[in-house]
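Undergrad: Please find the sequence and the predicted model below.
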Protein chains: 2
Amino acid sequence: MFEQNLKEPKYKLIKSYIKSLIREGNVKDGQLLPSEYELMEKFNVSRHTVRQAFGELAKEGWVYKKRGKGTFARYFNTCDKKGMIGLITTYISDYIFPHIISGIESVMTEEGYSVIIANTNNNKEKEAYQIKSLMEQNIKGLILEPTKSAEKNVNLNLLEEVLARDIKIMFINAIYTDLKSENPNVGCVIMDDVKGGFIATEYLLKIGHRKIAGIFKRDDIQGVKREEGYRKALGNFGIIPDENMIGRFTTENKRIFPKEFVSNLLDKRNNELKPDAIVCYNDEIAVWVIQTIKECGLSVPQDISVVGYDDSSLATVLDIELTTVKHPKKQMGELAARHLIEMLENNSGNHRIIYEPELVIRSSCKAR
Amino acid sequence: MFEQNLKEPKYKLIKSYIKSLIREGNVKDGQLLPSEYELMEKFNVSRHTVRQAFGELAKEGWVYKKRGKGTFARYFNTCDKKGMIGLITTYISDYIFPHIISGIESVMTEEGYSVIIANTNNNKEKEAYQIKSLMEQNIKGLILEPTKSAEKNVNLNLLEEVLARDIKIMFINAIYTDLKSENPNVGCVIMDDVKGGFIATEYLLKIGHRKIAGIFKRDDIQGVKREEGYRKALGNFGIIPDENMIGRFTTENKRIFPKEFVSNLLDKRNNELKPDAIVCYNDEIAVWVIQTIKECGLSVPQDISVVGYDDSSLATVLDIELTTVKHPKKQMGELAARHLIEMLENNSGNHRIIYEPELVIRSSCKAR
DNA sequence: AATATAAACATGTACGTACAAGTATGTACA
DNA sequence: TGTACATACTTGTACGTACATGTTTATATT
């Protein structure tokens, strides 16, 4: 009578009975389970007890109920579905992100994973919220594009919790360097942004420019590194950059800053600042820069050469086609997905991919 | 006695009371909520009813309980757990889809749901695979942009299975009409595409055009309806359209067809076909059409006026800015998300939204 | 043969009771 | 002072009943 009652409540016993029915395939996906009354008899309990068991199983996703019809098994996380992957990016619909996401989704779907997407709008608190949310969803891996990667990583402890739960992390675009870089559960697919900034600037130098302004994002590592490459290239040509010709913006002022910075550079009163060329953080900024140059009565590339970054769709859509640094975009997504799957399934190899940037030369620069 | 009982069960009323306590900050994170007995008295219900409310809230993550101590609010910690929503679109990274997806994601995240995305590349088999995959995840709702909606719905049985599992369906852009349209578990946010095609064509007629060609997609309902609107507008002006001036393409030949169709129209040998204006299925097609017109040595809008559809980013990026029909894009995503949440949480109301299109007049049309 | 109707059965809501078990607090006793 | 105990409170488990509501099937009626 009481041997069963030593610990476990009756409704939990019924729960595990139902779960075993489903798990062992006795009742398959979508098939009818025993009715409440049948289980009352079988276990000699009240209907309330059976309902408690079924109610929890329904909330947990093991079964679903249809009034008048019965309770049915739901087979989730089965063998033909390998599991879920979380994806957190700063933005979803803007710029090159749709292509990155699409690359990830296509590979993951092909390989039998599902992708849950979330974005942070480049806000650290929202990033924390999204990481917590995804942790609750039983994900196997997390693809993360860091938010404000150049600032202090306030979500480090959260990421360590992610790893503690055996969830692998794959960074894209940038990495949080404070995570131990040898950790085999952390991978990345990033660009060599120093080199990217370098080749963009070097190209301008090689075609004869010397007064080269730069405008960079300062709250993500990509921006900091691109500036580093820019400085390195100038240094190679023996040029010490004028700090007034380097502009730095953040997410918050990115829509105002480029215009202000460029129109200040082109202001007739401080003519010694007027650049021959401008290296831009990315194509979006380059477009605004070109717009401002035009508004100041000058033209691109006749008066000023402009280099973008990322080779986004913006680059070829203007009447002036942008010379820009190629970003792998969709390919980066695919690479990140494939390497994460490798980490999950084989747990081996080096999964730190650094993409070599190349320059795409179009019509926004002119030799002088 | 029964005035409250017209629809909502008592325990749901108590649930929303508790949720409002937490949401409005009357009971903050970690603080004690009223005990079961207090709520019994307050609402004049049995303890069972209160427990049902608290039980569900606990499973959903709104509260947590401690035996002997009470029930506590949980807001900032992990109020997620409301569940997962599946999202299946034809494409992810192209055209207006990133904006639709972004709208859905932002609302869903704000409301505590997670979004799993998947795409079909406009392929019916892939659609079937994605629906099956998502069914195995424990999704609460499915947002679906139909694939090849004008063709026979081969996945109807699958969608009925989705509904049988108590997963609500929200259609966007188009609906599979073979699903019973009064079903309260099916909603939609679509455009009035007949009207869209109508106002685009009517505009051209009003500014004096009579020989108006049309190029439409024939494998989705949007295309069929836009063509219907086009014919209706012509009919209102007493024009019987020349069938040779109407082109129909499918996903498979969309990259070749517009060019062939337009260059054939403009071929000097069949001069009677040469149109004054062309109504295009969408902006993407319009761009290719304009390209082809230019290649034939004619110009837009001087020789031929062109109308697009969707008001995508393509519309304003060319040197000729497209006159086009406005598509809600991000707003459509937000609407779809909000209405799906309504269906899930309140189970009431009409969730069939038909968006009224409006024309955005730019510079790709000229009166004659 | 088609159409109501009733019965049987499924889950949903809601009332009641009883006792178990964890927590906090005040009181009596050592 | 400190410990033990009673008490009152909390949630947890479990029994019972009743009726509502949706689904299916068999039966009776037209």
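TA: Sure thing, it's come through.

Undergrad: my guess is residue A:343 meets residue A:185, correct?
TA: Yes: using Cβ atoms under 8 Å, residue A:343 is in contact with residue A:185, at 7.0 Å. Yep, even glycine has a C-beta here, placed from its N, CA and C like the rest.

Undergrad: separation between the closest residue in space to residue A:63 that isn't next to it in sequence and chain B?
TA: Nearest residue to residue A:63, sequence neighbours excluded (Cβ to Cβ, 6 or more residues apart in numbering or on different chains): residue A:57, at 4.8 Å. Residue A:57 sits 11 Å away from chain B, going by Cβ to the nearest Cβ, to the nearest Å.

Undergrad: I'd say residue A:245 and residue A:213 touch.
TA: Yes: using Cβ under 8 Å, residue A:245 is in contact with residue A:213, at 4.2 Å.

Undergrad: Can you tell me the element the residue of the stretch 251-368 of chain A found nearest DNA strand D falls in?
TA: Per Cβ to the nearest atom of the strand, residue A:344 is where the stretch 251-368 of chain A lies closest to DNA strand D, at 35.2 Å. Residue A:344 belongs to helix A:330-345 when assigned by DSSP states H and E.

Undergrad: elements contacting that helix?
TA: Packed against helix A:330-345, as judged by 3 or more Cβ pairs under 8 Å, 6 or more residues apart in numbering or on different chains; DSSP states H and E, are the following elements: helix A:97-110, strand A:139-144, strand A:168-172, strand A:186-191, strand A:352-355.

Undergrad: what angle do the longest one and helix B:97-110 make?
TA: Spelled out, that is helix A:97-110. Angle of helix A:97-110 versus helix B:97-110, following axes from the mean of the first three to the mean of the last three Cα atoms, to 10 degrees, is 80 degrees.

Undergrad: same deal with the third one?
TA: Compare the direction of strand A:168-172 with that of helix B:97-110 by the same axes, to 10 degrees and you get 140 degrees.

Undergrad: Give me the residues contacting the helix holding residue A:344.
TA: A:82, A:85, A:99-108, A:111, A:113, A:140-141, A:143, A:168, A:170, A:172-173, A:184-185, A:187, A:189, A:328, A:348-349, A:351, A:353, A:355, B:93 (Cβ atoms under 8 Å, 6 or more residues apart in numbering or on different chains).

Undergrad: how about stretch A:143-154, does it get close to chain B?
TA: No: using Cβ under 8 Å from any Cβ of the partner chain, stretch A:143-154 stays clear of chain B, with a minimum separation of 12.9 Å.

Undergrad: quick revisit: give me the more crowded residue out of residue A:245 and residue A:213.
TA: residue A:213 (26 against 18; other Cβ atoms under 10 Å in any protein chain shown).

Undergrad: How about the contacts made by that one?
TA: Here residue A:213 is in contact with A:245-247, A:265, A:273, A:275, A:277-279 (Cβ under 8 Å, 6+ apart).

Undergrad: how close does it sit to DNA strand C?
TA: 64 Å (Cβ to the nearest atom of the strand, to the nearest Å).

Undergrad: In a helix, that residue, correct?
TA: No: assigned with DSSP: H, G, I helix; E, B strand; the rest coil, residue A:213 falls outside any helix and is strand.

Undergrad: Give the bridge partners for residue A:279, please.
TA: For residue A:279, the beta-bridge partners are residue A:214, residue A:307 (DSSP bridges).

Undergrad: contacting residues around it?
TA: Per Cβ under 8 Å, 6+ apart, neighbours of residue A:279: A:197, A:200-201, A:204, A:212-215, A:226, A:230, A:307.

Undergrad: now, which of the residues you listed sits nearest residue B:299?
TA: Closest to residue B:299 out of the contacts of residue A:279 is residue A:307 (32.1 Å), distances taken as Cβ to Cβ.

Undergrad: Can you pull the domain assignment for chain A?
TA: A:4-73, A:83-191+A:329-355, A:193-327 (automatic domain parsing).

Undergrad: how many neighbours does the residue of the stretch 251-368 of chain A closest to DNA strand D have?
TA: 19.

Undergrad: burial count for the closest residue to residue A:199 other than its chain neighbours?
TA: Of all residues not flanking residue A:199 in the chain, residue A:359 sits nearest, at 5.1 Å (Cβ to Cβ, 6+ apart). Per other Cβ under 10 Å, the neighbour tally for residue A:359 reads 18.

Undergrad: Residue A:359: what's it in contact with?
TA: Applying Cβ under 8 Å, 6+ apart, we find residue A:359 in contact with A:199-200, A:203, A:323-326.
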